[in-house]
Structure formats: structure tokens, C-alpha cells
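[1] Curious how this folds, go ahead:
(2 chains)
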Amino acid sequence: MLMKERLEELKEIAVSALSKVLDPQELNDLRVKYLGKKGELTEVLRGMGSLSAEERPVIGQVANEVRGAIEGLITNLQEKFRAEETAQRLAAETIDVTLPGRPMNAGAVHPLNKVIQDIEDIFIGMGYEIAEGPEVENDFYNFEALNLPKNHPARDMQDSFYVTDEILMRTQTSPVQIRTMQAKKGQGPIKIICPGKVFRRDDDDATHSFQFYQMEGLVVDKNIRMSDLKGTLLQFVQQMYGQDTQIRLRPSFFPFTEPSAEVDVTCVTCGGDGCRICKHTGWLEILGSGMVHPEVLRMGGYDPEEYSGFAFGLGIDRIAMLRYGIDDIRHLYTNDLRFLKQFSRI
Amino acid sequence: MRVSYQWLTDYIDLSDLTAEQVADKIRYAGIEIDVVENRNKGVNKVVVGYVETKGKHPDADKLNVCTVNVGEEELLQIVCGAKNVDAGQKVPVALVGAVMPGGMEIKKAKLRGVASHGMICSAKELGLNDKLLPKEQQEGILVLPEATPVGTPIVDVLAIDDHVLELDLTPNRSDCLSMLGAAYEVAAILGREVKLPKADVDAVSSNAQAKDHVEVSITATELCSHYAARYISGVKIGPSPQWMQNRLMAAGVRPINNIVDITNYVMLEYGQPLHAFDADKLAGGKVGVRLANEGEVLVTLDDQERKLEPSMLLITDGENKAIGIAGVMGGANSEVSAETVNIILESAKFDGGSVRKASRSLGLRSEASIRFEKEVNPEAVIPALNRAAALMAECAGGTVAQGIVESVVSMSEPAVVTLSLAKVNRYLGTSLSAEEVKAIFDRLQFAYTEQGDIVTVSVPKRRGDITVDVDLIEEVARLYGYDNIPTTLIEGATTPGGYTKSQKIRRELRQLLTSMGLYEVVNYSFTHPAQNELFGGLTVGSKAVALSMPMSEERSVLRTSIVPSLLENAAYNRNRKTEDVAIFEVANLYSTDEETLTELPSEQPMFGLLLAGNRQSAQWNLKALKYDFYDAKGVLEAIFTYIGVDQQVRYVSDQPQGYHPGRSASIYLGEQRIGAIGQVHPEIQQNKDLDDTYIAEMQLAPLYEAADFKVTYKSLPRFPSVERDIAVVVATEVAVGDMVSAAREEASELLESIQVFDIYMGEKLGAGKKSVAISLVYRNLERTLTDEEVTEVHGKVVSRLEQSFEAELRK
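    Residues are numbered from 1 along each chain as shown, chains lettered A, B, ... in the order given. Here you go, the predicted model:
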């Protein structure tokens, strides 16, 4: 059986040659050499025509086995080489993952506006609207309508920037109370907050700025009670500073509220244990508040016998300074990017 | 107001409470107390000594060797360096073993070889505020009155085992500018009685009649409602008693002599300022109250000549000559001196506003003017006068003439305020009973009558701050305790709340801009007038608003442009080595057309942007990329697209003021010029020491108005698009934006998008030429475009560019 022997010999030679293959090129050459159209296997099989009909299937089977064996080996080797090649390529593509990423410019909302936005979110959630008013204001709205007639000891020429005798830079956001009441024409309910710039004649130092931000709140309706003021402020500070925050009201005086109260909150730094920030009292004074004075309601066009209301005001700068631990109010207005960049996060 | 705890116990029983406890109760009820000061800074083992002898130290010129009797068997030898020490003095002596307030321990010592057994003390060494002492007492040792018993502990002599409560009073509580006012407050808090001081002036009166010595007349009846005087004869001027001096010092008032000290003491006690005139210096024994004349002058007690204004209230003598500025300061011509024998004592009610104005314009604020300014209690005028007269008899050996000489213009009635008990609870959210409310009025010593739900309260004049029912409600609330008021939620109709359209846009803009890497800044609204000249033309009014009394020229006018502030920010940061600056500000600008404002100026919300330095700093894998005009424009385009107005915006290069003429444009929204964008004019850049800086400024109100939030979904295209490029050569001055608009117009609805992807200038094209490459994407939403259709429309675009811009198609 010359043919069968030749086939098996071919297989033996091929297997031996393939076992010594070193690279994909050589493998390809061998594949062509043994299995190609002009390869040795084809060469051997060319003699099939001279075989008898009985021999042909037998030899055919042997030939298939031989082809199968060689092909299998080649496929395995191809796989091996491909895997090696991939590994090599990936190794070559390796980068230094510790190098810095391509920077995306960050940007930041100014800390004062960040605080204002947070407070707005809380009050909008409680059904408040945002009211605004002019920063250059009439004496009437800034003082007189707020129960501070001319010559009142609590209004000091020295403290205000006047433009004319009747027009000044507003010293507080409270005039927006009157403007809002007048706009609502004696109808309730009013629930507003009004953040904004205010101006006072003060020499600038670490805690004073001639320009700063205030936020006013005003609620007017039938049957508004002082207990509602307490409840509202408690709700606000708990959303702002956490559910454990408490408030404490102390009697005070503002010409446009009666009764009036200073409002302390649990110190945001120490949680009430006492620290440097709260001067070891556990409390921080952050709000002024009270029941709207009947004279102010009247000036706003509301009948104090029918309507009552409460108002509160807070200093945005102080809140921002407490929140971020800023030790000098002037940082808020010098716009040093080394300062501003610290606020480019939630 | 400095309230001595010991002094307070004259009027109210505080035996069960410490000064700190009293302070806490006062604070809780509404008066802030800054400090509770212990007047004894740690003085112990210091007693009164009598200097028997004084001799020179053998080896030291400046030292004296004294023998001092401190009430013990042996005399002490003490070396003392004070210049004013002398034999025969009573002095404070710190015994061996004493520790002084400064921490110094007194030991047996040898000073230049001479033994010293103790120390003779100065006021400062005793921890006293020596500014309240006469000069000679400040410089040397403290010399005590002759009658002071030897061996007595100095803390008793000086009454410094005491605490001072520093009341920080709000303007409404001027009633507590007196010890009695403070006593009434504490009494209300504790529910205790107030014991009034003795003022038994009749017991010390002579047969002489005051009216024989003094007449009073008020001409300025508007400003002085009551003027009362007493006549005290035969006083002997000298130091006031130690107890009085101690109390004055506790209150922070400097003792001067018995007469002046008495007026100050009674002022502190009643809150009623008093003035003592030397009766013999007053012409005609007459006292008048009138307004000053034009050009009138008066030398006041501090030896300053004061120019008087016709609005100032004066006290005059029989010759109508000024002898004092009412409520502010007396004149030198009627001053009590060491030789004074007879006194005319004034107690009056001057108008607060008038005193305030006079003291302001003279720059003279005194304990008296502070009290008058806030309106003194008219009920205290007479008691204070009597009390002071009685003390002048007791402490200055005077004889009080019978009767009060007074002129009464009007006596105000006590305020009668009615209050509904139901309103108290409705207003506070409490459920107080009528009994609880009335008990609070009892504690306040407010008289009242009751009829059903209505309580009618007669408010004592000392509480001039209480005029309407809510004032009474506050009294109830604070004495009931704010802590006891419940915490409730608002009842009644709910409100939706939320932002207005412009508020929403403003906030969204802030978010958009910061997400693009810009930092928000907040600048001052005040600026230097020159800054307003640099840019502008965007405000409604033509003029800036100027402050009438600015703090400095730097901050004397309101800004009419945001840009100068932004340039300042850029320069500030550049000076601190932060050269890459990308900032924006949203703020109101102010302007007017009026020369002098008669109405409020226009306030416009404005947006400003500044880009300088690198947009991208050099990285290991990136080259640095500088900001240019198109970065600034890109920011604006993002804004316009975001708020839905991008199709209405045009840029016109019309050289806005302050900008680089070739690198700037005005921004139009429809037909309205709303802003400007471009590089800062190089001269301004140089003045401000800035590199190339790009800015933009625009009005926000028109954008708020035009903003369109509506988003309508368009179905995604189902048919393919065809992309065609054009490259044409045009003259360099041709505006590519115009070419794009023309192309857009020509291609009409088949054009889906258009993009300029290359601009090239070079020698090959020849001078004055540029090549513009534009990519156009065509699409028909209904069906697939045929090649012929695209060729046709694209051909129209090309010929339009050729016709309108003399464009040559590049092959």
C-alpha cells in the first residue's frame, strides 16, 4: 500500500516540521508546503485516480485523517501565535495611568450666591416666592414705611449712603417688604424671601463690609402667629443645618417688628458643645425676626386688625463665612481665584 | 449702661442671686449683657495704712523709706518709689503675702539694702480703671480720704467686691439708662418690689425761698416742656464721699467734686441729667430757655469755643446771655468751681431730637446728651431734682431753699393702651389665661383696669417705648418667656412658591457658565468716576449716580459697566500670579438722565464676562491654548442657544467704546443693541497692566424677555443626508458670517447644517485674499435627495457666493 505509507510518512514529516515552527511566517510557509494547492498532500492525492474503487475510500479516509491532523496542528499554532501577538501588542500599548487626566475647566458659583441658592431652594420648597427690589431706594421704603420716621434715634445718617435727601443705597432688604405688600394690594397670603445687596457706611475690616448681602423673609396672612415664626425658622434651620439643629429666640428690638426676637441656632461648628466659633456658648446668632409691626402693615396697605405677619432677616455673608470657615469678609469681594476655586464642588 | 450689682441692691432685694444669675435673667428677658465684670481683679491682703514718716532712701534718689501704720502693733517699714507719697497720708498697703491683680507676689524684700515689708499701691496696681482718677492719682500711689479708718481692707473702702453688668441697650430701652430703670426691669423679671431712694428735701430746707433767688422762663416752648430749678446755698466744694466716688467709678464716670458728682450720681440713678450752675455767676438770678441766635458763640466747660446754630437750644441768664447748651454741655461762664457757694440746680425735659441734632453738629456726646436724645422720663424731673438737692445738703453742706421754681409747658399723660386678651394668644400662638397676663402687668408695675376681654393699661412714663397693644404683647411674651411660646406651622391657604422667569434664567445661566469653566465674581457697586468713562453705552440713562457723601473717591459713584470691575479682578489675580482668568458677573447697574435725582435711577440687570490668559494650560500631552475673541463669542452663543434666542442675535462690528476697534462687535437682539463683545482696547490693557483680554457685556432684561423655554420634539430623520463642501477665495474683508447667512438663505429648507471648517490666508492666494471652506449638509425630511437636486441647490449657493461676495471657486 504505497499510497497509505506515503501519506503516513508525510504526516510524520509534517508533524515534525510543525513542532519546530518559530514564527507565524514559517507556519504559513509550512501550511502552503503541506496543505496548499500545490502542496505535498495535494501532490500525494493526485495519485488517487489510479486506485481501485475498493482502495479509494480507505485511502480517502487516511488522507482526511492526515489533513485533519496537520490542519489541527496548524490551527493550534496559529492560535498560539495570535495570542502571543496580541499580548505583545497590548504590552506595547500600555500607558502610564498615573499621569494626570486632561483637565476639564471647572468653574464655580460665588459662595454668596451658593448660599442664597440653597436658602432659596429651602424656602421655595416651603411655598415661598423670591421678591426683589431696587438697590437704590427711596428713604420712604428704606426707613419711613418701616416705622423709622426721620429723626428716629435708630436711624443714623452716618450709617447710610445717601444720593439725595430722599434717595439712598438701601441699608437693608426690608424695603422689599413694603413694596411687596403694596403690590399685593392688601390681599393675603404673602410668603416671600428677598435676598440682595445692601449698603452701610462702615469701614471695611475682617467682619465689616460697606456692601454685603441680606435676605429678608415675610409672611402676611390672616392669623399668622409668633409660634408660626418659630416653627418656620426651626424648619428652615433644620433643612439648612441638619435635623438636630435647634433654635433659641431672645427678645430684641427692631423698629419694624413687635415683638422682636434675635434667633440663635445650635452652633454649626461644634453642634452645641461650645467652641471658639460660638464663643463657647453653643449658640450662634444668625437671624433677626419678629411679628410685623402694625404700622408697617398699615404702610403696606394691610389692616393690622385683620392681617398679621412675621418677618425675618439674615446676613448671607455671615452664613457663608460660618459655613465655609471664611475668616475675613473681604475675601468675598476681592475675587481672588485662589479663593473662588475652592468652591467648585457641591 | 454699666450697672453695679451692689448699687442695684439698694433698690431691690437680690440676696438670693449672684450677679451672674441676675445677668442671665436679664438676658433671657431681652436685654443683652456683653460682660459681667468683676471689679475685684484679685485684690486681697491690701489694707488702709497711715504713713507716719517719710525719709529719703540712703542709696537711691528716687526711693522713699516710709513707716506705715496698718493697724497692727508694729509699724511697717516700706520702701516706696512714688513721687506723691508723703507722711500723713492714708494709703492702700499690700501686706507681705498679698498677690496683686497683675500676679505680683508681695514678699519681704531688700530694696538697695533697705528692708521693705509690703507695698504702697497705685490705683492701677489695684486693678482700678485709673483713667477715672485725677491725674496726680494716676501717676503715683492712690491717696485715700483722711477719715478712712486704718487697717480696713481696701476692697471695702473702694467697694470693689462688686460686679458690673454691662447692658447693651436697644434704642427702645433707654429706660434702662438708669439704675432705677434697671431695678424696675429686674423687679419685673423676678416679681419683686422696687425701693425708691430717699429724697427728703423738706427735712433739709431752710426758710429761704427758692423763688427769691431764681426765676425760670421758657421761650422755646416747642423744645422744652418742663424746666425745674432749686436753689442751694452755702455749699462747700470738696471731694464727694468715698461711697459715691466708688459708685461713679463702677459706672465708668470720673469723680470731680461733690456738686458735679451728685448731679452725675442722680443722673445715673434716675436717668435724668442735671446741671449745677454757680448761682453767683448768673446775672439777675434768672434762667431762660431759648434758641441760639445766628453767629452766637459760647465757651463750654471743656474750654472750647463753640459756634452755635439757630437750631440749638440754649440756657441763658438774666442778661439773656448763653450759659449752657441745653442737654449737651454747660458754659464755662457759669461753671461750679472751688469757690462756688450757691448753686442753681437744673432738672428739665428737653426735646430729644433737638439735643441729638445739637450734639451731632457740635461733635459733643455726653452722658447727658445720650439720655436726652432718647427722651428722658418726664416723671423723673422733679424726684431727681429733689434727690440731688437733698444730697447737696448731705454731702456738700448746702442748705436747700424752699420750693421748686419751674416752668411747665406741658405734662404728658401716661399712655393708656387697651389690649384684648384674646389677641395676646391669637398673636403669640399661646394659651395664656387672663390671670397669667395680668400677673405680668403686675410685675411690670403697670396699672390696669379690666372689662371683659379688654384690659386697659396705664403705662408709666418711664416706659415711653410702649404705645400700642403689640408693645404690651411683647412685654407679655418676653416675661412669659419666648422659649415657652409653642412651635407651630402656618395654617391657611398653601402657596406654590417658585422662581419667576427671569430668576430662573439667572440661576440657570450661572449653572451653564460655571459648567463651562467660568468663575462667578461679586464686585462692589461703587467705583471711581473715571472707571465709568472707559466703557458704557449700555445703560438706559446717560449719567452715573453719585453718592452725596462718599467714603472715598475710589467709591464715589455707582458703576455703569461691569467690565472695569472685571478688569480690576483680572489685574488683581495677575498680580498674584493667576494669569488664566475666566470670570463672569451678574449685577445691577444704575444710571439716570437727571442732573439731581428726583426719582429712583434706572437699575438694569447686566451680565459681564472676561477671559484672559490660557484657556488650556500646557500639559504633558497638550499645548497651551490662549483665549481669543472666539472663546468669548462661543460663551455668548452657548447662552443664546440655551435660552432659545440664538436665531435672533447678530454681531455688528461697529467699534464699541473701550474695545479693540478691529476685534469687537456690538450684539443685537433683533433690532435692539443689547451688548458688546471683543478684546479690550490695547491702551486700556496697557494701563491696567493686562495681556490680551477678552470681554463681553450685555443687558439681561431683553434676554429674559425674549427667552423661549419651549422645546418641541422634531422626529429623527429617516432619509439620508448629503454633505457637500465649498472652498472659495474672497477678499479678506468679506465677513464670513454674511457668507454663511447668504448660503443659508439660498439653500433654504433643504439645508440642514452649515459649518465653516477652514480659513486660509497665504502667499499662494495673493495679497488681500482668503480662502474659506464651508461644509453644507442637505437633507429632505420626506424622501431621499437625488444627486440632481443636491447639485442644483448647491450650485445656487455657489453662484450666490460668487455674485454677492465676488467669490472664486477654488479647484
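[2] need the helices for the stretch 701-811 of chain B, in chain order.
    For the stretch 701-811 of chain B, the helices defined by DSSP state H, counting those that start in this stretch cover B:701-706, B:736-747, B:787-805.
[3] Can you show me the CA trace of the second one as CSV?
    Backbone C-alpha positions of helix B:736-747 (Å, rounded to 0.1, in the frame of the first residue of the first chain) are rendered in CSV as follows:
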residue,chain,number,x,y,z
VAL,B,736,-17.7,85.1,6.6
GLY,B,737,-20.8,85.3,8.8
ASP,B,738,-22.5,87.1,5.9
MET,B,739,-21.5,84.4,3.5
VAL,B,740,-22.9,81.8,5.9
SER,B,741,-26.2,83.7,6.1
ALA,B,742,-26.4,84.1,2.4
ALA,B,743,-25.7,80.4,1.9
ARG,B,744,-28.3,79.6,4.5
GLU,B,745,-30.8,81.8,2.8
GLU,B,746,-30.1,80.4,-0.7
ALA,B,747,-30.3,76.8,0.3
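[4] which stretches of the chain aren't confidently modelled?
    The chain I'm using is chain A. Scanning chain A for pLDDT under 70 picks out A:1, A:153-154, A:156-158.
[5] wait, I meant chain B there
    With pLDDT under 70 as the threshold, chain B has low-confidence stretches at B:136, B:811.
[6] how does it divide up, domain by domain?
    B:2-39+B:162-190, B:46-157, B:202-408, B:415-483, B:501-706, B:722-809 (automatic domain parsing).
[7] ditto for chain A
    Per automatic domain parsing, the structural domains of chain A span A:2-90, A:111-343.
[8] circling back to that earlier point, may I see the domains of chain B arranged in JSON lines, with mean neighbour count and distance to residue A:100 as well?
    Where C-beta positions appear, they are placed from N, C-alpha and C, glycine not excepted. Formatted as JSON lines, the domains of chain B follow (neighbours: other CB atoms under 10 Å in any protein chain shown; distance: least, CB to CB, whole Å):
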{"stretch": "domain B:2-39+B:162-190", "mean neighbour count": "19", "distance to residue A:100": "53"}
{"stretch": "domain B:46-157", "mean neighbour count": "17", "distance to residue A:100": "58"}
{"stretch": "domain B:202-408", "mean neighbour count": "20", "distance to residue A:100": "63"}
{"stretch": "domain B:415-483", "mean neighbour count": "18", "distance to residue A:100": "56"}
{"stretch": "domain B:501-706", "mean neighbour count": "18", "distance to residue A:100": "7"}
{"stretch": "domain B:722-809", "mean neighbour count": "15", "distance to residue A:100": "31"}
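[9] mind checking which of these is nearest residue A:165?
    With CB to CB as the measure, domain B:501-706 is the member of these nearest residue A:165 (8.3 Å).
[10] Name the residues of stretch A:63-77 that come out as buried.
    A:63, A:66-67, A:70, A:73-74, A:77 (16 or more other CB atoms under 10 Å in any protein chain shown).
[11] Pick out whichever of those residues sits closest to residue A:135.
    residue A:77 (83.2 Å).
[12] Could you report the distance from the closest residue to residue A:186 other than its chain neighbours to chain B?
    Closest residue to residue A:186 apart from its sequence neighbours, by CB to CB, 6 or more residues apart in numbering or on different chains: residue A:301 at 4.7 Å. Shown here: residue A:301 relative to chain B, a distance of 18 Å by CB to the nearest CB, to the nearest Å.
[13] any idea which element residue A:301 lies in?
    Residue A:301 is part of no helix or strand, with elements assigned from DSSP states H and E.
[14] ok, now which ones touch it?
    By CB atoms under 8 Å, 6 or more residues apart in numbering or on different chains, the contact list for residue A:301 reads A:181-182, A:184-186.
[15] circling back to that earlier point, among the buried residues of stretch A:63-77, which are within reach of chain B?
    Filtering these for proximity to chain B by CB under 8 Å from any CB of the partner chain leaves nothing.
[16] Now for the residues you listed: which two are most distant?
    Spatial extent of the buried residues of stretch A:63-77 (CB to CB) is set by the pair A:63 and A:77 at 21.3 Å.
[17] which residues in the stretch 401-550 of chain B form strands?
    For the stretch 401-550 of chain B, applying DSSP state E, counting those that start in this stretch gives strands covering B:405-408, B:415-420, B:447-451, B:454-459, B:519-520, B:526-527.
[18] Identify whichever of those lies nearest to residue B:53.
    With CB to CB as the measure, strand B:405-408 is the member of these nearest residue B:53 (53.6 Å).
[19] what residues does that closest one touch?
    B:210-211, B:214-218, B:225-231, B:289.
[20] Pairing partners for that strand, with directions?
    Taking DSSP bridges as the criterion, strand B:405-408 pairs within the sheet with strand B:224-233 (antiparallel).
[21] starting at the chain centroid, how far to the partner strand?
    On the basis of CA atoms, centre = their mean, to the nearest Å, strand B:224-233 sits 38 Å off its chain's mean C-alpha point.
[22] excluding its backbone neighbours, what's nearest residue B:616?
    What sits nearest to residue B:616 in space, not counting adjacent residues and going by CB to CB, 6+ apart, is residue B:625, at 3.9 Å.
[23] give the contact list for the closest residue to residue B:680 other than its chain neighbours.
    Closest residue to residue B:680 apart from its sequence neighbours, by CB to CB, 6+ apart: residue B:693 at 4.6 Å. Under the criterion of CB under 8 Å, 6+ apart, the neighbours of residue B:693 are B:567, B:570, B:610-612, B:679-680, B:685.
[24] With residue B:30 instead?
    With CB under 8 Å, 6+ apart, residue B:30 has these contacts: A:250-252, B:173, B:478.
[25] 6 Å instead?
    If you count contacts by CB atoms under 6 Å, 6 or more residues apart in numbering or on different chains, residue B:30 has them with A:251, B:478.
[26] Residue B:654 too?
    Contacts of residue B:654 by CB under 6 Å, 6+ apart are residue B:666.
[27] So it, which state does it fall into?
    Of the three states, residue B:654 takes coil under DSSP: H, G, I helix; E, B strand; the rest coil.
[28] Closest one to chain A out of the contacts of strand B:405-408, please.
    Lowest distance from chain A to the contacts of strand B:405-408 (CB to the nearest CB) belongs to residue B:225, with 16.7 Å.
[29] The closest one and residue B:409 touch, don't they?
    Yes: at 4.6 Å, residue B:225 counts as touching residue B:409 under the criterion of CB atoms under 6 Å.
[30] now for the longest helix that chain A contains, which elements pack on it?
    The longest helix of chain A (DSSP state H) is helix A:55-93. If contacts are counted by 3 or more CB pairs under 6 Å, 6 or more residues apart in numbering or on different chains; DSSP states H and E, helix A:55-93 sits against helix A:2-18, helix A:24-35.
[31] can you redo those as TSV with distance to chain B?
    Listed next are the helices and strands packed on helix A:55-93 as TSV, based on distance: least, CB to the nearest CB, whole Å:
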stretch	distance to chain B
helix A:2-18	46
helix A:24-35	34
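[32] Look up how far residue A:339 lies from the most centrally placed residue in chain B.
    Among the residues of chain B, the one closest to the centroid is residue B:170, at 13.1 Å (CA atoms, centre = their mean). Distance of residue B:170 to residue A:339, computed by CB to CB, to the nearest Å: 36 Å.
[33] thinking again about what came up before, show only the entries of the contacts of residue B:693 found in strands.
    Of these, the ones assigned to strands by DSSP state E are B:610-612, B:679-680.
[34] got the contact list for the residue of the stretch 251-400 of chain B at minimum distance from chain A?
    The stretch 251-400 of chain B approaches chain A most closely through residue B:353 (4.6 Å), counting by CB to the nearest CB. With contact taken as CB under 6 Å, 6+ apart, residue B:353 is in contact with residue A:151.
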